[in-house]
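> Need the 3D shape of this:
(one chain, ligands or ions: 1)
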Amino acid sequence: MSYVNGLFSFIKNSPTAYHAVDTIKKELLSAGFTELRESDPSSFSDGGKHFVIRSGSSIIAFKGKSTDGGFMITASHSDSPCFKLKDELSGASYTRLATEKYGGMIHYTWLDRPLSVAGRIVVKTADGIKTALVNIDKAALTIPSVAIHLNRGVNDGYKFNPATDLLPLVGGADSKGTLMQVIADRAGVSKEDIISHDLFVYNAEEGRIIGINDELILAPRIDDLGCVYASLRAFLNAPVSDNSVAVLAVFDNEEVGSETKQGAASTFLDMTLRAISGDDKKHSAALYHSFMVSADNAHAVHPNHPELYDGTNYAILGKGIVVKYNANQRYTTDAVSNATLSVLADRAGVKLQRFSNRADMVGGSTLGSISNTRVSVSTVDIGLPQLAMHSACETAAASDITDMIRLLTELYASSISKNGDNIKINK
Ligand SMILES: [Zn+2]
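Here you go, the predicted model:
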């Protein structure tokens, strides 16, 4: 399977952060990794191939025989902006869903699309409760636009109210109660046993190749499943190093600020790396030599609005991996981490592009600087260049996916020996 088709099926199988983690887990298990529990940290330091999951939506996988050459880490995020399901709303004419926004999406892009529902449910058992993943896996919902004849001003700029304008239609009045029944059936449980749920409405469209030379891709959740998929491929492609530990970290809740028990601001990465090191002395030495790539997508220059970008520090689709800079450290990149990455990119034959926001614009932030407050290692912020970030359907370039995989494979196959100002990047 080509990487683009592999990404499309990864995106299809990952409608929510829970499913993204489950998709990664299945791949790791079939590659010979074993799942460990945070309750047994002493099992982390045996030099084997393992992974650990927190709260069902964040995962850290690792492999490598020794921490002497540090941890070579990628961090990306499993969540994307969407709508979280609260309740069903039944009326005289229709059945709709009451939802709440998750993250900051572009509202109008969610209208008139085929939508579906997935997430996790918690069911009653004989001695407690049990979590199950569920995906109704069919285009069952839509958020219909108001016809232009009834909203003549819509093209003059319309402010969508999430409490009234963006509620998905599930079916007719007689559809009342059907969604939860379908969910129970899909999970193989009785509807009465479902105590609670974390269910989300997602865009059910599949990825497709576009561009006159088939050079572009159009798909939901490219931010950040593009980087998650590339990190996973690279992590599995790279040989096990004798000298460093390769770490694949995928966190939930980046879209809502990362400050949750499973987000990049949590104890998850810190506790996992400490357990791999085994003792405090070894851990300090390992962190000294470690390097992290925070991989979250970057804004490519918009074809119709180049004026929104810096005059020289902008990225183009298909021209290589973007290194993100911000003087106020919303991105972690500094001269040393950029130079470290440049050496790896040269070795991998991958081109880098430099991005920083216009000096009069704030822009976004990402995992790197948040994670660095808990696990402080040399870090660079990178991403695939993409258009329409946080639209229900986003655009990127096929060649950049392959470049990201090559670059991260090089990272995972390397180790670092630091001695003051001198940094050796070993292959
Ligand atoms: Zn992102």
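
> what about the strands in the stretch 301-427 of the chain?
Assigned by DSSP state E, counting those that start in this stretch, the stretch 301-427 of the chain shows strands spanning 321-325, 352-356, 378-383, 385-387, 394-397, 415-419, 422-426.

> Just checking: what are the partner strands of the third one?
Applying DSSP bridges, strand 378-383 is found paired with strand 291-295 (parallel), strand 321-325 (antiparallel).

> Output the ones you listed as JSON lines; include the columns mean pLDDT and distance to the ion.
C-beta: built from backbone N, CA, C; applies to glycine. As requested, the strands paired with strand 378-383 are exported to JSON lines (pLDDT from 0 to 100; distance: least, CB to the ion, whole Å):
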{"stretch": "strand 291-295", "mean pLDDT": "96", "distance to the ion": "9"}
{"stretch": "strand 321-325", "mean pLDDT": "94", "distance to the ion": "11"}
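
> For the ion, what's its nearest residue on the stretch 51-200 of the chain.
residue 77 (5.6 Å; CB to the ion).

> Ramachandran angles for that residue?
phi -130, psi 150 (degrees, to the nearest 10).

> Go ahead and confirm it touches residue 250.
Yes: here residue 77 reaches residue 250: they are 6.8 Å apart, a contact under CB atoms under 8 Å.

> overlap in contacts of the two?
When CB atoms under 8 Å, 6 or more residues apart in numbering defines a contact, the residues bordering residue 77 and residue 250 alike are residue 228.

> domain ranges for the protein?
As given by automatic domain parsing, the domain ranges for the chain are 3-80+220-426, 83-203.

> and the longest one, how far apart are its ends?
End-to-end distance of domain 3-80+220-426 (CA to CA, to the nearest Å): 27 Å.

> need the contact list for the nearest residue to residue 386 once chain neighbours are set aside.
Counting by CB to CB, 6 or more residues apart in numbering, residue 386 lies nearest to residue 396, which is 4.3 Å off, once chain neighbours are set aside. With contact taken as CB under 8 Å, 6+ apart, residue 396 is in contact with 216, 217, 219, 222, 226, 297, 300, 317, 384, 385, 386, 387.

> Show me the beta-bridge partners of residue 396.
residue 217, residue 386.

> thinking again about what came up before, ranking the domains of the chain by burial, who's on top?
Burial of the domains of the chain is given as mean neighbour count (mean count of other CB atoms under 10 Å); domain 3-80+220-426 ranks first at a mean of 20.

> what are the C-alpha coordinates of stretch 114-125, in PDB please?
Provided in PDB are the C-alpha atoms of stretch 114-125 (Å, rounded to 0.1, in the frame of the first residue of the first chain):
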ATOM      1  CA  PRO A 114     -22.000  13.300   5.500                       C
ATOM      2  CA  LEU A 115     -21.400  12.900   9.200                       C
ATOM      3  CA  SER A 116     -21.200   9.900  11.600                       C
ATOM      4  CA  VAL A 117     -20.800   9.100  15.300                       C
ATOM      5  CA  ALA A 118     -18.000   7.300  17.100                       C
ATOM      6  CA  GLY A 119     -16.300   7.300  20.500                       C
ATOM      7  CA  ARG A 120     -16.500   5.200  23.600                       C
ATOM      8  CA  ILE A 121     -19.300   4.000  25.800                       C
ATOM      9  CA  VAL A 122     -19.100   2.700  29.400                       C
ATOM     10  CA  VAL A 123     -21.400  -0.200  30.200                       C
ATOM     11  CA  LYS A 124     -22.400  -1.900  33.400                       C
ATOM     12  CA  THR A 125     -20.900  -5.300  34.200                       C
END
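
> ok, residues contacting the helix or strand of the chain at the bottom of the mean pLDDT ranking?
Scoring the helices and strands of the chain by mean pLDDT, DSSP states H and E places helix 367-372 at the bottom, with a mean of 86. Helix 367-372 has contacts (CB under 8 Å, 6+ apart) with 75-77, 249, 251, 254, 258-259, 263-265, 269, 292, 294, 296, 329-333, 379-381.

> now the helices for this structure?
Remark: helices assigned in the chain by DSSP state H are 3-12, 17-30, 178-187, 222-237, 268-277, 280-289, 335-348, 367-372, 398-412.

> Do you know the pLDDT at the closest residue to residue 255 other than its chain neighbours?
In this structure, residue 255 finds its nearest non-sequential neighbour in residue 103, 3.2 Å apart by CB to CB, 6+ apart. If you check residue 103, the pLDDT there is 97.

> do the same with residue 206
97.

> Which residue, other than its chain neighbours, is closest to it?
residue 12 (5.6 Å).

> same deal with residue 417?
Residue 417 sits nearest to residue 424 (CB to CB, 6+ apart), 4.4 Å away.
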